[in-house]
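> prediction below, plus the sequence it came from.
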Amino acid sequence: MRIIAHRGLWTCPEEQNTLEALGAALDAGFGIETDIWVGGPCGVISHDPPSPSPATVTLEDVVALHHEEHAFLALNIKSDGIVPILNTFRERLDGWRWAAFDMSIPETIRIAHADLPYLRRVSSVEHEPSELLGVGYWVDTQDRMIPQITDSTRLIAYVSPELHGFEHHEAWLEIRDRHAPSSDAAICTDFPHEADRFFNGSK
């Protein structure tokens, strides 16, 4: 099971999406999920609408981080118009395994037409047009219901319930029952070390 650290490896909310938290997650062997907004030529990494700051992190900063070959970068697209920025970094991003997700339907279509990798969002209440397949699925457990994906040819990435304020253990059990440790599945979590032990038996 691939472990994706939600906004990096952090101990307090103020550290989320900082370059230190993202780099620490990669150094620990996890993939990373982070949020990107349109802003300047390099985009802005921030969960909330960004304001100019000397501490602003950009996509340039993120792709420059040292990472192992197995590292996964999940880019949560927070605003439309991101395709030119992703195209600017296309060659450097291709050194990662990466995908965009959570963008609007019009932006998803633009990303698909640009032949950029993206994850199709799936939940118990959301069903995108079937032609928007992408390279995998971003499966949201927002209501603690876990949609069943039968397509075994694409990455299935689950959003762990604690990201929505719910207890996660039952969902983890269900997800583990569906996937062998070696399967091409992932979970995005605030508890990457715990998840690694639970799904992969890491010490």
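Done, it's in. Numbers count the residues shown, from 1 in each chain.
> from now on I want contacts and neighbour counts done on CA atoms only, so please keep to that.
Noted.
> quick one: the strands in the protein?
Taking DSSP state E, the strands of the chain run over residues 2-6, 31-37, 44-45, 72-77, 97-101, 119-122, 136-140, 155-159, 185-189.
> let me know which of those is tucked in deepest.
Most buried of those, by mean neighbour count (mean count of other Cα atoms under 10 Å): strand 2-6, with a mean of 29.
> in its sheet, which strands sit next to it, and in what direction?
Strand 2-6 has the following sheet partners, assigned by DSSP bridges: strand 31-37 (parallel), strand 185-189 (parallel).
> let's have those in JSON lines, adding mean pLDDT.
Shown next, in JSON lines, are the strands paired with strand 2-6 (pLDDT from 0 to 100):
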{"stretch": "strand 31-37", "mean pLDDT": "97"}
{"stretch": "strand 185-189", "mean pLDDT": "96"}
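> CSV for the strands of the chain, including distance to L59?
Converted to CSV, these look like this (distance: least, Cα to Cα, whole Å):
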stretch, distance to L59
strand 2-6, 16
strand 31-37, 8
strand 44-45, 7
strand 72-77, 10
strand 97-101, 13
strand 119-122, 19
strand 136-140, 21
strand 155-159, 22
strand 185-189, 20
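> any chance of the strands paired with strand 2-6 in JSON lines, plus distance to K78?
JSON lines is the format used below for those (distance: least, Cα to Cα, whole Å):
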{"stretch": "strand 31-37", "distance to K78": "5"}
{"stretch": "strand 185-189", "distance to K78": "17"}
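> beta partners for A186?
R2, A157.
> can you tell me how far it is from G136?
Distance of A186 to G136, computed by Cα to Cα, to the nearest Å: 11 Å.
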